[in-house]
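Enquirer: Take a look and give me a structure for this.
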Amino acid sequence: MNAPGDGGVEPTLRDRLSGLSRAELGGLVALVAITVGGAGLWYARSLPRPVEVRAATALPAPAASATSSPDVVPILVDVAGWVRRPGVYEFHDGDRVIDAIEAAGGARPGAALDALNLAAPLADGTQILVPRRQASGPVGSVGSGATPSKVNINAASATELEALPGVGEVIAQRIVDYRTANGPFGSVDDLLDVSGIGEVTLENIRDLVTV
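Expert: Just a heads-up that it's a prediction; the model follows:
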């Protein structure tokens, strides 16, 4: 252990500070304050910053255009008579009678198209009946003033049956096919068993046919 006053004893921090003048001591305090403040500022900046979350603002839905077209309503028309494919067809606003006839396969030879207004607009739920041009004489007539003979439905060909009012090419062939498969008709009323012949058609041809 060194004796007091020995030159080997190092001065303490207090001894060093007590040896400073007031100006030097003030400068040291300011330096320490700046160092501590700078370290604190660096630490604060190094911390992760909170991210601001903003609620998404919903954009207003675009208003429906006032000029948007309304739903297109189809037009259903029954095309019947002397056409190739009779039936119910769907059309649109602005379509004409001629469009309906073309949709049904077109008119068959001998159709009386001049009896129709082909430019008339179509209306929903209506029927277009294409008539057949009538022959100069009644069905089965043998001469002017003669009493017309009736068509024998058990012997007539499809071509002869086709000449009957309301009986087209398709139904005429069905009559022949039915006759071939089931034998001769027992009466005119048996025609109701043929697909496509109803009460109205039967009444239209009843006085023109026989068995």
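Enquirer: now stretch 25-36: how far from the chain's centre is it?
Expert: Its chain's C-alpha centre lies 84 Å from the corresponding centre of stretch 25-36 when counted by C-alpha atoms, centre = their mean, to the nearest Å.
Enquirer: let's have the chain start at 567 instead
Expert: With the count now opening at 567, the last piece we talked about shows up as stretch 591-602.
Enquirer: what are the C-alpha coordinates of it, in CSV please?
Expert: Below are the C-alpha coordinates for stretch 591-602, written out as CSV (Å, rounded to 0.1, in the frame of the first residue of the first chain):
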residue,chain,number,x,y,z
LEU,A,591,-16.9,22.8,-16.1
GLY,A,592,-19.8,24.5,-17.9
GLY,A,593,-18.5,23.4,-21.3
LEU,A,594,-18.1,19.8,-20.0
VAL,A,595,-21.7,19.8,-18.8
ALA,A,596,-22.9,21.2,-22.1
LEU,A,597,-21.0,18.5,-24.0
VAL,A,598,-22.4,15.8,-21.9
ALA,A,599,-26.0,17.2,-22.3
ILE,A,600,-25.5,17.4,-26.1
THR,A,601,-24.1,13.8,-26.2
VAL,A,602,-27.0,12.4,-24.1
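Enquirer: for that stretch, what is the average pLDDT?
Expert: The pLDDT scores in stretch 591-602 average 77.
Enquirer: That stretch: which residues count as buried?
Expert: Taking 16 or more other C-beta atoms under 10 Å as the neighbour-count basis, stretch 591-602 is seen to contain no buried residue. For every residue, glycine as well, the C-beta is placed using N, CA and C.
Enquirer: again with stretch 716-735
Expert: Judged by neighbour count (16+ other C-beta under 10 Å), stretch 716-735 contains these buried residues: 716-717, 719, 722, 724, 727-730, 732-734.
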